[in-house]
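Participant: missing the sequence, but the structure's below:
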Ligand SMILES: O=C(O)CCC(=O)C(=O)O
Ligand SMILES: [Fe+2]
């Protein structure tokens, strides 16, 4: 195998980001070897980068118990009574029933249907908006307070999570048809993409299921071995940022392909501070 002597800048960036997301150095060296890099060179390079103080290694994520975990098995908001179905501490996940009423789910789907577009991502290198690979759903986003229903849901999420409404990004709606999926990803930003003027890092996600899915479409947390079956009106809240600014790689998750029926979800991504 040809030994590569020069390490391109993109590879350095990739290594830094992967290290910061909590991937082990061994896994990174394995990936480099698969790409054709010499093993010794890979280790030398990695240890040099780790010694470099500009890399903030994630270290061991320190779990902090969110307030929502302390509120009993029936949580009351100003307009709802929500049942807690299950709680997981590492990573922090809470599964909720009746977070939305059936009418609210139907209404959200109805008002979003005509505005769906193929899901996109921003190319981290060029900044261009491009069709997402690994994300085959259709989606759209609302502005904060765009209409009375969106505003009502934003208020409910803020009461449930204890994060102010202004820490929330606009509600995102996703629709997956048969075979559509959202491959494993983190919701938090790579550290070099965190904008301190726009609320900083993402720290939590409130994901609501708007319909029942006949088969497939579970939200899977592969590192935690957890799979959430979509159920109309239920929600899953997961927290992956703590007060020390660390992010939790255990929060890796995906939406596995829909096998039968379709899937609708609404996602609220929450940041450390005020975005607006
Ligand atoms: O649809 C799902 O189950 C997951 C959606 C998701 O991961 C996201 O919106 O960030
Ligand atoms: Fe996600």
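Facilitator: Right, received. Where do you want to start? Just so we're clear, the structure is a prediction, and the values are computed from it rather than from any experiment. Ligands and ions are numbered 1, 2, ... in the order given.
Participant: so where's the stretch 101-250 of the chain shaky on pLDDT?
Facilitator: Filtered on pLDDT under 70, the stretch 101-250 of the chain yields the residue ranges 121-133.
Participant: which parts of it sit against ligand 1?
Facilitator: 174, 182, 187, 205, 207, 219 (CB under 6 Å from any ligand atom). Any C-beta I mention is one placed from the backbone N, CA and C, and that applies to glycine too.
Participant: nearest to residue 11, of those residues?
Facilitator: Using CB to CB, residue 187 is the member of those that sits closest to residue 11, with 25.0 Å.
Participant: tell me which residues touch the closest one, please.
Facilitator: Residues in contact with residue 187, defined by CB atoms under 8 Å, 6 or more residues apart in numbering, are 202, 205, 240, 251, 253, 269.
Participant: separation between the residue in the stretch 101-250 of the chain positioned nearest to ligand 1 and residue 15?
Facilitator: Among the residues of the stretch 101-250 of the chain, residue 219 lies closest to ligand 1, at 3.5 Å counting by CB to the nearest ligand atom. For residue 219, the distance to residue 15 under the criterion CB to CB, to the nearest Å works out to 29 Å.
Participant: now swap in residue 86 and tell me
Facilitator: Relative to residue 15, residue 86 is positioned 37 Å away (CB to CB).
Participant: ok, those two, which is more surrounded?
Facilitator: Of the pair residue 86 and residue 15, residue 15 is the one with more neighbours under other CB atoms under 10 Å, namely 23 against 12.
Participant: with adjacent residues omitted, what lies nearest to the residue of the stretch 101-250 of the chain closest to ligand 1?
Facilitator: Using CB to CB, 6 or more residues apart in numbering and skipping residues adjacent in sequence, the residue nearest residue 219 is residue 228, 4.4 Å away.
Participant: neighbours of that neighbour, how many?
Facilitator: Applying other CB under 10 Å, we find 22 other residues in the vicinity of residue 228.
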